[in-house]
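Asker: give me the fold of what follows.
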Amino acid sequence: MPENTSPDAVAAAARAALAARGLSARGLARRLGMNKRTITDFLFERRETRTSTRLSICRELGIDQESSEGVAA
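Answerer: Numbers count the residues shown, from 1 in each chain. Presented below is the predicted three-dimensional model:
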């Protein structure tokens, strides 16, 4: 039975940033030296993601992890 959780604004911002850059999850994984599944699990909120992984993704995409809006100015 799925848990009732609110959507992750940072994951949504990351999906939007990837789309805006024309970058795939595979391409992002390659840039970060991570497994594609790690990236897709984060992007589609399939499981809890390590803080260090979230930070790496946010840095690469220029996203503010602390902001509820997700995207850095």
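Asker: rest of the way, CA atoms for contacts and neighbours
Answerer: Will do.
Asker: contacting residues for E45?
Answerer: Under the criterion of Cα atoms under 8 Å, 6 or more residues apart in numbering, the contact partners of E45 comprise 8, 11.
Asker: for it, pull up the helix or strand it's in.
Answerer: Assigned by DSSP states H and E, E45 belongs to neither a helix nor a strand.
Asker: cool, and R37?
Answerer: When elements are defined using DSSP H and E, R37 is found to belong to helix 36-43.
Asker: now swap in S56 and tell me
Answerer: Here S56 sits within helix 51-61, counting by DSSP H and E.
Asker: so for that helix, what's the average pLDDT?
Answerer: Averaging pLDDT along helix 51-61 yields 95.
Asker: with only the CA atoms kept, save the helix holding R37 in CSV.
Answerer: Below are the C-alpha coordinates for helix 36-43, written out as CSV (Å, rounded to 0.1, in the frame of the first residue of the first chain):
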residue,chain,number,x,y,z
LYS,A,36,21.0,5.6,-14.2
ARG,A,37,18.6,3.9,-11.8
THR,A,38,19.8,6.1,-9.0
ILE,A,39,18.9,9.2,-11.0
THR,A,40,15.6,7.9,-12.2
ASP,A,41,14.6,6.7,-8.7
PHE,A,42,15.2,10.3,-7.5
LEU,A,43,13.5,12.0,-10.4
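Asker: so which bits of that helix are buried?
Answerer: Going by neighbour count (16 or more other Cα atoms under 10 Å), the buried part of helix 36-43 is 36, 38-40, 42-43.
Asker: stretch 42-52 too?
Answerer: Applying a neighbour-count criterion of 16+ other Cα under 10 Å, one finds 42-43 buried in stretch 42-52.
Asker: okay, the angle between the longest helix seen in the chain and helix 36-43?
Answerer: Of all the elements of type helix in the chain, the one with the most residues (DSSP state H) is helix 9-21. Inter-element angle recorded for helix 9-21 and helix 36-43: 120 degrees (by axes from the mean of the first three to the mean of the last three Cα atoms, to 10 degrees).
Asker: give me the mean pLDDT for helix 9-21.
Answerer: 95.
Asker: right, and the helix or strand after that helix?
Answerer: helix 25-32.
Asker: output that following helix as PDB, nothing but the C-alphas.
Answerer: Below are the C-alpha coordinates for helix 25-32, written out as PDB (Å, rounded to 0.1, in the frame of the first residue of the first chain):
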ATOM      1  CA  ALA A  25      18.500  10.900 -17.000                       C
ATOM      2  CA  ARG A  26      21.200   8.700 -18.600                       C
ATOM      3  CA  GLY A  27      23.200  11.800 -19.600                       C
ATOM      4  CA  LEU A  28      22.900  13.200 -16.100                       C
ATOM      5  CA  ALA A  29      24.000   9.900 -14.600                       C
ATOM      6  CA  ARG A  30      27.000   9.800 -16.900                       C
ATOM      7  CA  ARG A  31      28.000  13.400 -16.000                       C
ATOM      8  CA  LEU A  32      27.800  12.500 -12.300                       C
END
